[in-house]
Each structure stands twice: as structure tokens, then as C-alpha cells.
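Asks: Here is my input; please provide its structure:
(one chain, ligands or ions: 3)
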Amino acid sequence: MNDALALPVGTTLDRFIMRKQEDFPFASGELSQLLRDIALAAKIVSREISRADQDTVGTIGTQNVQGEDQQKLDVIANIRFIRALRNGGEVCTIVSEEDEDLIHTGNANAKYIVAMDPLDGSSNIDVNIPVGTIFGIYRRLTDGGQDGTLEDCLQKGTQQVAAGYILYGASTMLVYTTGCGVNGFTYEPSLGEFFLSHPDIKIPDKGRQYSCNEANVSNFPLGIQNYLAFCREQKYSSRYIGSLVADFHRNLLKGGIYFYPASDKNKTGKLRLLYECNPLAFIAEQAGGQATDGIERILDKTPVALHERCPLVIGSSEMIEKVRKYMTL
Ligand SMILES: O=P(O)(O)OC[C@H]1O[C@](O)(COP(=O)(O)O)[C@@H](O)[C@@H]1O
Ligand SMILES: [Mg+2]
Ligand SMILES: [Mg+2]
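Replies: Ligands and ions are numbered 1, 2, ... in the order given. Here you go, the predicted model:
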């Protein structure tokens, strides 16, 4: 039973989390606290992003494990989320896009693992285009008293206990699920609070927008090329911000499809299974949509490496089904 409908728009995130916890008599409050820790880090990063001065704009001269130049805000966001999760005490180990290896927080008895993309849409930071943060939360498999292990971190997306994203756009929004529907909260900086603004989000079964980097189309799988031709025939609108969180968020609210398929340039796609595809796939499905690699359900994939990539096709259910048909013709 999703009780979000019982809580009016304007309810604070804190109150919402508390109310949700009441639905789970055996809940111990640790996941609730973890969600609050994430919201705290989001408020700080939102402030950093809106500053846009020499401390936050530009590259930092280092590369991450993906070989991408790290933007200052990639590193700032990474530090801020790690610090909030460490100080919060509910997370034992973190997987981050910006760190090659596991980050152990020292909270050896903590129950949770977080996989995160601290700053998504890095190529858009310096030009004031919306960027985001993406996170997936798992319960560890191993006993407490030790750091989380690779086994704890390489769980299927179906094992997520919660997932969400923060969108740093015209306003800062936190959208998340704990497996009982999807809710969106808008940040009010002058009050320092997130307020429920989008209760019980449902993605339309069908949309008229598609998002992909068409520059790579010539070496997309034939099924995807044919689906794109279908979208054009249908006179669907092409919308591509180049920030996954922002493109996904628009499609979540209005209906539509985002895809980043495999191509000659990115043999296994570009996006990372653990901290980009799995969290957004959980949200998409909880909102009534779907997420696949073109054919297979993202959440059923068994991860084998922390930073592995996979093709992503995500959004309105009927559009994902259409892609699957084209891909299996
Ligand atoms: O520039 P491209 O190839 O279109 O890729 C854009 C995609 O890459 C990303 O920027 C990858 O995420 P990061 O910025 O976190 O590395 C997505 O947000 C976006 O959808
Ligand atoms: Mg990203
Ligand atoms: Mg990133």
C-alpha cells in the first residue's frame, strides 16, 4: 500500500520518511537515516553547483577510473556524499564512479552499501545545464564487524532496497523509491527543506519524445536504428540534454524514451550498470515504466565488475516494448 497519497504536497521529506517507516513495523530507522544523510549531501552539493566560481568550475587535472577528466564538481560532490554517508553511520561501503576501488567508511557494523554517481552529466557542468546525482542502496550480504566486500557490492539491481537521483536544475529535486512507488521532493533553499512536490509519480505508458546522441547512430545496433527511423516517421520530438538524470526526469514526468546503446565507439554502451542503470531502472519500473539493454531487463543482470558498462533503453513501457520487438526481429 503506497501511503504517499495520504500525505499532502508540501509535506517535508523528514515527515514523509518517518511516515513511510511507520508502514514497516520492523523497520529500525537505519534506512530512514541513510535517506536523510543523502538529502543533507544533496543540499550542500546544490549550494556548490549554484556557486559556479573558480573553486567549482573547470577540470581538476586528474582522470577517474573511466579515463574521463574529472571536473572539480565531480570531486567536490564525491567528497560531500562520502562524508555525509560516513558521518551518518549507516553505510559500511561505497562504490563511486569517481573511485576505482571500494570506499570503506569505517562503519563496519553498518548494514548498507551505496553505489553512486556523485555528479552525472559532467560535460554540462560549466555551461549551466542541469546535472544530477544517482544512487542505489543495497543491504549487505555479509555479517557486520567488517568492511563490505565485493560480493556485497556486486548484487543484482533487483536487490536494491532503495534508489534515487537528485536533479540540480532550475530547482533542486530529490526523486526516490523504496519499492513502494516513486515520490519527488523539491528543495527550498531559504528554508533548507525538501518538500513533497510530486507524489506517486507514474510515467505515461507512451510518449512522443526520444533522447539519444544521434551522432553515433550509424553504428548503433540495427534494431535501434530501425526504432529511431520509426520515431522520425511518427514525428516524435528529439530531446537530448546530455545529462542522463535530466533526460530521464523529463521522460519520467512526460513520457518518452532514453537510450544509450552499444556502438563501435562504446562496445558495451557508455553508462555504468551499478550506479547509473540499476538505480534509474528501479525508479522506472516503480513508476510503471521499463528499463532494458534493448532486450534484457536491466535489474536481472548479474554485475561482474564495479564499473562495468551496459547499454540502456529506459522509459515508457510501450516504447521499450517496441524497441525490444525491433531488436528481436
Ligand atoms: O556525451 P554523450 O556521449 O552523449 O554522453 C552523455 C551521457 O554521458 C553521461 O554524461 C555520463 O555520466 P557522467 O557525466 O556521470 O560520466 C550521461 O549523463 C549522459 O547521458
Ligand atoms: Mg553519470
Ligand atoms: Mg558522474
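Asks: what's the straight distance from one end of stretch 299-315 to the other?
Replies: Separation of the first and last residues of stretch 299-315 by CA to CA, to the nearest Å is 14 Å.
Asks: do it and ligand 2 meet?
Replies: No. Judged by CB under 5 Å from the ion, stretch 299-315 makes no contact with ligand 2; its nearest approach is 10.8 Å. The way it works is simple: take the backbone N, C-alpha and C, and place the C-beta from them, glycine included.
Asks: May I see the buried residues of that stretch?
Replies: Leu299, Lys301, Pro303, Leu306, His307, Arg309, Cys310, Pro311, Leu312, Val313, Ile314, Gly315 (16 or more other CB atoms under 10 Å).
Asks: Which two of these have the greatest separation?
Replies: Farthest apart among those by CB to CB are Leu306 and Gly315. That separation is 26.0 Å.
Asks: In a markdown table, list the buried residues of stretch 299-315 along with distance to Gln54, secondary structure and pLDDT.
Replies: Shown next, in a markdown table, are the buried residues of stretch 299-315 (distance: CB to CB, whole Å; DSSP: H, G, I helix; E, B strand; the rest coil; pLDDT from 0 to 100):
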| residue | distance to Gln54 | secondary structure | pLDDT |
| --- | --- | --- | --- |
| Leu299 | 41 | helix | 98 |
| Lys301 | 41 | coil | 98 |
| Pro303 | 38 | coil | 98 |
| Leu306 | 32 | coil | 98 |
| His307 | 30 | coil | 97 |
| Arg309 | 33 | strand | 97 |
| Cys310 | 37 | coil | 97 |
| Pro311 | 38 | coil | 98 |
| Leu312 | 34 | strand | 98 |
| Val313 | 39 | strand | 98 |
| Ile314 | 36 | strand | 98 |
| Gly315 | 38 | strand | 98 |
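Asks: which one of those is nearest Ser237?
Replies: Distance to Ser237 across these (CB to CB) is lowest for Gly315, with 13.6 Å.
Asks: any idea how far whatever helix or strand Leu31 lives in is from the chain center?
Replies: Leu31 belongs to helix 30-51 when assigned by DSSP states H and E. Distance of helix 30-51 from its chain centroid, counting by CA atoms, centre = their mean, to the nearest Å, is 14 Å.
Asks: That one and ligand 1, any residue contact?
Replies: No. Figure legend: helix 30-51 not in contact with ligand 1 (CB under 6 Å from any ligand atom); closest approach 13.4 Å.
Asks: in this structure, what spans have low per-residue confidence?
Replies: 1-6, 25-26 (pLDDT under 70).
Asks: tell me, what residue is most central in it?
Replies: Ile134 (3.2 Å; CA atoms, centre = their mean).
Asks: Figure out the helix or strand that that residue lives in.
Replies: Using DSSP H and E, Ile134 falls in strand 131-139.
Asks: Please pull up the helix or strand immediately following that strand.
Replies: In the C-terminal direction from strand 131-139 (assignment by DSSP H and E), the next one is helix 150-153.
Asks: Parallel or antiparallel, list what pairs with the next helix or strand after that next one.
Replies: As assigned by DSSP H and E, the chain's next helix or strand after helix 150-153 is strand 162-168. Partner strands for strand 162-168, per DSSP bridges, with pairing direction: strand 131-139 (antiparallel), strand 172-177 (antiparallel).
Asks: and of those strands, who's closest to Asn219?
Replies: Closest among the strands paired with strand 162-168, using CB to CB: strand 131-139, at 26.4 Å.
Asks: okay, the angle between that closest one and helix 30-51?
Replies: 170 degrees (axes from the mean of the first three to the mean of the last three CA atoms, to 10 degrees).
Asks: In the one helix or strand Ile60 maps to, which of the residues would be classed as buried?
Replies: For Ile60, the host element (DSSP H and E) is strand 59-63. Within strand 59-63, the residues that count as buried by 16+ other CB under 10 Å are Thr59.
Asks: how far out from the middle of the chain is it?
Replies: So, by CA atoms, centre = their mean, the centroid of strand 59-63 is 23 Å from its chain's centroid.
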